[in-house]
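1. Okay, structure incoming, though there's no sequence with it:
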């Protein structure tokens with residue numbers, strides 16, 4: 001948590017002024033009981049109404065000045081806390097963007113969302129409270145005790161007994177509740193994860209009639225969270241009755257002692273009232289301090305969870321050339337390293353083990369691809385097709401063998417340069433809120449209108465856009481909800497084509513297209529992008545039958561490599577896939 005305080009560096013002035021103005025407000029508050037004592041002893045006792053009005057005006061003045069100081073302190077504290085939170089969220093998101101797929105798989109999406117939202121909000125609240133109350137509450141407690149001693153030493157001895165007892169109760173309750181708050185946060189994490197699964201998988205749950213089971217799981221986890229929160233609440237609920245019992249006992253002792261001292265002529269009635277007011281101030285501030293410490297401990301726990309993400313080093317690294325070297329220097333460096341082989345991609349006995357897994361997902365993958373070739377990747381569900389193509393843009397790093405791209409090991413590229421060379425259309429097509437144009441320009445910011453239309457034409461998406469009233473400026477809702485599955489896939493392919501990458505990967509990205517559109521798409525790519533190396537991942541043999549090479553995978557291993565005709569003769573796995581495709585009605 002301490003490392004996160006660097007985000008307050010831009011708000012040093014606010015972080016100093018907020019507690020200072022709170023101390024100013026507390027100083028005015030400590031004078032109020034003395035003014036009240038003067039009103040009782042002088043104004044009321046002597047029936048001096050002018051004095052009462054004068055001291056009443058002083059009370060109003062103290063209240064107004066104290067309120068102004070409090071509002072000013074709140075402004076600076078809120079400015080510092082919100083600014084701290086904004087900078088923290090920006091840097092946290094930037095760091096998450098640097099993490100590999102494996103890092104995200106290891107950490108979990110739901111916990112990252114919780115840490116970016118709920119945890120950051122808790123830390124923000126903690127920073128705000130610390131700036132406002134961390135110095136004010138102790139100042140009031142000790143200040144009130146000192147002021148009580150200035151009124152009467154013997155009566156103030158009640159404070160010496162009451163304050164430790166109040167502190168014992170307040171901080172004892174706090175010590176019991178803090179560990180339970182951590183359990184509550186963990187249970188909340190679990191519940192949020194369950195909720196996210198239910199929302200994202202709602203269609204699957206309905207398709208398999210699993211709503212009842214999921215409701216039971218959710219109810220169980222929700223009840224566990226409820227039980228933990230009630231447990232903490234019961235402990236926290238002990239604070240008020242016990243502290244008020246001690247407070248009232250102390251007030252009785254003060255009145256008893258005060259009555260004796262008044263009768264002796266040592267104290268006045270107003271001074272007794274002032275002592276009671278100081279005791280009440282101490283109780284209020286101790287409760288505030290306890291709540292502050294609970295909030296700070298929750299904020300520290302949340303801050304530590306956030307820091308865990310910052311301490312998670314990106315699993316994928318490359319040469320630090322993006323910022324320090326010009327592009328032409330980087331290109332020259334790679335050219336000097338690359339032999340003239342004509343191979344666009346070479347897999348040399350490549351293996352892959354996912355983070356946290358005990359077995360290889362890919363084993364001994366060995367083949368090469370010439371520039372401009374079309375490579376089909378086919379196999380059953382779970383055979384490793386997506387894992388294979390995810391190695392090219394280094395979404396995951398190989399764990400065995402070598403992967404060469406244009407003769408250079410993939411790890412020698414900086415990530416930005418590699419991913420500009422490799423374009424990919426993922427299985428799930430995602431469009432972002434904005435316009436069709438803004439989505440296409442993700443491929444390349446400086447693409448011309450002509451290049452955008454050419455990419456749409458190749459991707460068989462030109463007609464979709466032409467039919468829209470606003471054309472390229474047609475609105476796209478979040479996740480492209482106003483487009484069908486096939487339209488989203490074609491627009492996602494067009495977005496990848498705008499970049500004109502050296503290597504293009506279509507990862508089962510035509511699954512929502514009919515056979516005619518799929519064939520037209522492959523024909524257009526083959527005719528217009530002859531210099532582009534193309535990887536087509538599909539479960540349809542029709543999609544890969546015309547490829548220069550087809551890689552057949554089974555359980556993460558190569559079951560065959562060759563053309564459609566060769567594999568039908570030599571590869572049993574491929575023949576089974578062909579038979580399945582024929583039964584499904586596709587042309588092979």
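-> Noted; the coordinates are in hand. Predicted model, so just to flag it, every value in this text is computed and none were measured.
2. Quick one: residues contacting the nearest residue to residue 58 once chain neighbours are set aside.
-> Counting by CB to CB, 6 or more residues apart in numbering, residue 58 lies nearest to residue 35, which is 5.7 Å off, once chain neighbours are set aside. In short, each C-beta sits where N, CA and C put it, glycine included. Residues in contact with residue 35 (CB atoms under 8 Å, 6 or more residues apart in numbering) are 55, 58-59, 62.
3. for the stretch 451-588 of the chain, what spans make up the strands?
-> 475-476, 503-507, 533-537, 549-554, 557-562 (DSSP state E, counting those that start in this stretch).
4. by how many degrees do the last one and strand 549-554 diverge?
-> If I follow you right, that is strand 557-562. 160 degrees (axes from the mean of the first three to the mean of the last three CA atoms, to 10 degrees).
5. Equivalent analysis for the third one, please.
-> Here the directions of strand 533-537 and strand 549-554 differ by 30 degrees (the same axes, to 10 degrees).
6. what mean pLDDT does strand 533-537 have?
-> For strand 533-537, mean pLDDT rounds to 90.
7. quick one on the thing from earlier: the residue nearest to residue 58: what secondary structure?
-> Put simply, residue 35 is helix when judged by DSSP: H, G, I helix; E, B strand; the rest coil.
8. Low-confidence stretches in this protein?
-> 1, 315-341, 583-588 (pLDDT under 70).
9. List the contacts of the residue nearest the centre of it.
-> Closest to where the C-alpha atoms of the chain average out (CA atoms, centre = their mean) is residue 116, at 2.8 Å. Residues near residue 116 by CB under 8 Å, 6+ apart: 89, 92-93, 96.
10. Ok, residue 21 next?
-> Contacts of residue 21 (CB under 8 Å, 6+ apart): 69-70, 72-73, 76.
11. Could you find the closest non-adjacent residue to it?
-> residue 73 (3.7 Å).
12. Would you confirm that that neighbour contacts residue 19?
-> Yes: with contact defined as CB atoms under 8 Å, residue 73 reaches residue 19; the gap is 7.3 Å.
13. Between the two, tell me which one has more neighbours.
-> residue 73 (24 against 20; other CB atoms under 10 Å).
14. Can you tell me how far the more buried one is from residue 127?
-> 14 Å (CB to CB, to the nearest Å).
15. ok, now residue 308?
-> Counting by CB to CB, the separation of residue 308 from residue 127 is 19 Å.
16. Over to residue 493?
-> 46 Å.
17. Contacts for stretch 135-148, please.
-> By CB under 8 Å, 6+ apart, stretch 135-148 touches 19, 22-23, 25-27, 29-30, 33-34, 155-156, 159-160, 163, 275, 278-279, 281-282, 285-286, 288-289, 292.
18. Quick one: the strands in the stretch 301-450 of the chain, in order.
-> 343-352, 362-370, 374-379, 400-405, 408-409, 422-425, 434-435.
19. would you turn those strands into a markdown table with mean neighbour count and distance to residue 448?
-> What follows is the strands of the stretch 301-450 of the chain, written out as a markdown table (neighbours: other CB atoms under 10 Å; distance: least, CB to CB, whole Å):
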| stretch | mean neighbour count | distance to residue 448 |
| --- | --- | --- |
| strand 343-352 | 19 | 27 |
| strand 362-370 | 18 | 30 |
| strand 374-379 | 24 | 27 |
| strand 400-405 | 18 | 28 |
| strand 408-409 | 16 | 30 |
| strand 422-425 | 23 | 18 |
| strand 434-435 | 16 | 16 |
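20. Quick one: closest of those strands to residue 446.
-> With CB to CB as the criterion, residue 446 lies closest to strand 422-425 of the strands of the stretch 301-450 of the chain, at 16.2 Å.
21. For the closest one, which strands pair with it and how are they oriented?
-> With DSSP bridges as the test, strand 422-425 is paired with strand 503-507 (parallel).
22. quick one: the partner strand to chain centroid distance?
-> 29 Å (CA atoms, centre = their mean, to the nearest Å).
23. How about residues contacting it?
-> 344-345, 385-386, 389, 392-393, 405, 421-427, 493, 496-497, 525, 529, 532-538.
24. and the angle from it to strand 374-379?
-> Using the same axes, to 10 degrees: strand 503-507 against strand 374-379 is 30 degrees.
25. Would you confirm that residue 4 contacts residue 305?
-> No: taking contacts as CB under 8 Å, residue 4 lies outside contact range of residue 305: 10.8 Å.
26. Of the contacts of strand 503-507, just the buried ones, PyMOL syntax please.
-> To isolate the buried subset of the contacts of strand 503-507 in PyMOL, counting by 16 or more other CB atoms under 10 Å, use the following:
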select buried, resi 344+345+385+386+389+392+393+405+421+422+423+424+425+426+493+496+497+525+529+532+533+534+535+536+537+538
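27. quick revisit: are any of the contacts of stretch 135-148 buried, and which?
-> Buried, going by 16+ other CB under 10 Å: 19, 22, 25-27, 29-30, 33-34, 155-156, 159, 163, 275, 278-279, 281-282, 285-286, 288-289, 292, out of the contacts of stretch 135-148.
28. And for the nearest residue to residue 461 once chain neighbours are set aside, the neighbour number?
-> The shortest distance from residue 461 to any non-neighbouring residue, by CB to CB, 6+ apart, is to residue 490 (3.8 Å). By other CB under 10 Å, 29 other residues sit near residue 490.
29. Now name the helix or strand holding residue 123.
-> helix 120-133 (DSSP states H and E).
30. Repeat that for residue 141.
-> helix 136-151.
31. Could you give me the buried positions within that helix?
-> Buried residues in helix 136-151 (16+ other CB under 10 Å): 136-137, 139-141, 143-145, 147-149, 151.
32. Give me the distance from that helix to the chain's centre.
-> What separates the centre of helix 136-151 from the centre of its chain is 43 Å, taken as CA atoms, centre = their mean.
33. Contact partners for residue 479?
-> 430-433.
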